[in-house]
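>>> mind looking at a prediction? Sequence and model below.
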Amino acid sequence: MGAEFASFHGSGWNVAAGCIEPLYNMFVAANEVVLTIDLPYVNPKQIRLKCPSIDFIEILAKTSRKITFRELGLKHRHGEFTCYHARIRIPVQVNEKKIASKFKRGVLEVRVPRVK
């Protein structure tokens, strides 16, 4: 089962909302799409995951506290955020009713079967 598409994406910051787009990786395989999303300082109960359509996944996760960019080792950016938000376009059609996820050590893994 080889990869048809793999991508890495990174991070936009919405100052007004105090949200940052998390880093994520997408792997499109023959039978499923796998996303891994970095969500440090998040309580798993604060993660909201939805598929508003067959080609998008949306993630919203509140952090357990305010995070400053300085804490993350960034010196060129100042500010803080309290949530992660991403609306990720999936390049293939997926079955949003069968979405599965697990969260471990600050990383959310999302698996969605492709539509056949």
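Sure, I can see it. Numbering: from 1, shown residues only.

>>> name the surrounding residues that touch the helix or strand containing Lys45.
Here Lys45, judged by DSSP states H and E, is contained in strand 42-53. For strand 42-53, contacts defined as CB atoms under 8 Å, 6 or more residues apart in numbering pick out 39, 57-64, 84, 94, 96, 99, 101, 103, 106, 108, 110, 112. Quick note: C-beta positions are derived from backbone N, CA and C, even for glycine.

>>> now those: which count as buried?
Using 16 or more other CB atoms under 10 Å as the burial test, the contacts of strand 42-53 include 39, 57, 59, 61-63, 84, 94, 96, 99, 101, 103, 108, 110, 112 as buried.

>>> lowest-confidence entry in the residues you listed?
Lowest pLDDT among the buried ones among the contacts of strand 42-53: Glu96, with 85.

>>> tell me the pLDDT at the spatially closest residue to that residue that is not a sequence neighbour?
Counting by CB to CB, 6 or more residues apart in numbering, the nearest residue to Glu96 once its immediate chain neighbours are dropped is Cys51, at 3.2 Å. In this model, Cys51 is scored at 82, pLDDT.
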